[in-house]
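J.: One predicted model, sequence on top.
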Amino acid sequence: MTPRIERLVTSGQFTLDGGTWDVENNVWLVGDDHEVVVIDAAHDVDAIMEAVGDRRLTAIVCTHAHNDHINAAPELARRTGAVVWLHHDDLPLWKQTHPDHDPGARLLDGQVIEAAGADLRVLHTPGHAPGAVCLYDPGLGVVFTGDTLFQGGPGATGRSYSHFPTIIESIRDRLLTLPPETKVLTGHGDATTIGAEAPHLQEWIARGH
């Protein structure tokens, strides 16, 4: 059975550097009728549990540790027994939201997270956050980019722990080298493709300076 991709949109708040903003997040589920991976457990653990249903949750993968992408992760792990995966470089951000909990496992560049026939390869893409990662499955023809790449350009780099030249380097070297037909499934908003975004790299660089 070919793994399927499901999107759940949850609402809550993003808080950093003393500011708070209302946001809607994409929670992605990749799996089949028996097991599933959750990418970015955002805001609403009950809604995520309902989307998982009676399937075995094999992993909770965090694309980065801004609070709006991880605030439901420890409780989801507690209820299901699944392990939370995070890149080590984002631990300082994680601790701002969950000072008394640690993620269960460390994401490494090149590692593959498997579930129901999906092979999600970890691409370390710092810039929006130091430990930001994208998850690429060539078989499914998709890359889950978190807040690294959106329809229309890079994720924000105007707050703590972010760096514009670094996110441009990550996008140029790790994402725009993927096949142009690769579907880009983002942390917020609508999907795009690598081919749709690649021609605009120089515009983003000019805009960012």
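T.: Sure thing, it's come through. Numbering: from 1, shown residues only.
J.: where's Lys183 relative to His64, distance?
T.: 20 Å (C-beta to C-beta, to the nearest Å). All C-beta spots, glycine's among them, are computed from the backbone N, C-alpha and C.
J.: Just checking the distance from stretch 188-204 to the centre of its chain.
T.: Its chain's average C-alpha position is 17 Å from that of stretch 188-204, according to C-alpha atoms, centre = their mean, to the nearest Å.
J.: buried ones in it?
T.: 188, 192-194, 197, 204 (16 or more other C-beta atoms under 10 Å).
J.: Looking at Lys183 and His64, which one has more neighbours?
T.: Neighbour tally, Lys183 and His64, criterion other C-beta atoms under 10 Å: the higher count belongs to His64, 30 against 16.
J.: Enumerate every residue touching the more buried one.
T.: 87, 90, 93, 128-129, 131-133, 146-147 (C-beta atoms under 8 Å, 6 or more residues apart in numbering).
J.: wait, which of the residues you listed is closest to Gly117?
T.: Nearest to Gly117, judged by C-beta to C-beta, of these is Val133 at 21.0 Å.
J.: so that closest one sits right up against Ala65, yeah?
T.: No: Val133 is not in contact with Ala65 according to C-beta atoms under 8 Å; the separation is 10.6 Å.
J.: same for the helix or strand of the chain at the bottom of the mean pLDDT ranking, what does it pack against?
T.: Here the helix or strand of the chain ranked lowest by mean pLDDT, DSSP states H and E is helix 201-208, holding a mean of 91. On a contact count with 3 or more C-beta pairs under 8 Å, 6 or more residues apart in numbering; DSSP states H and E, helix 201-208 meets strand 153-154, helix 164-170.
J.: Now tabulate those in JSON lines and tack on mean neighbour count, mean pLDDT and distance to Gly208.
T.: Formatted as JSON lines, the helices and strands packed on helix 201-208 follow (neighbours: other C-beta atoms under 10 Å; pLDDT from 0 to 100; distance: least, C-beta to C-beta, whole Å):
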{"stretch": "strand 153-154", "mean neighbour count": "22", "mean pLDDT": "97", "distance to Gly208": "8"}
{"stretch": "helix 164-170", "mean neighbour count": "18", "mean pLDDT": "98", "distance to Gly208": "5"}
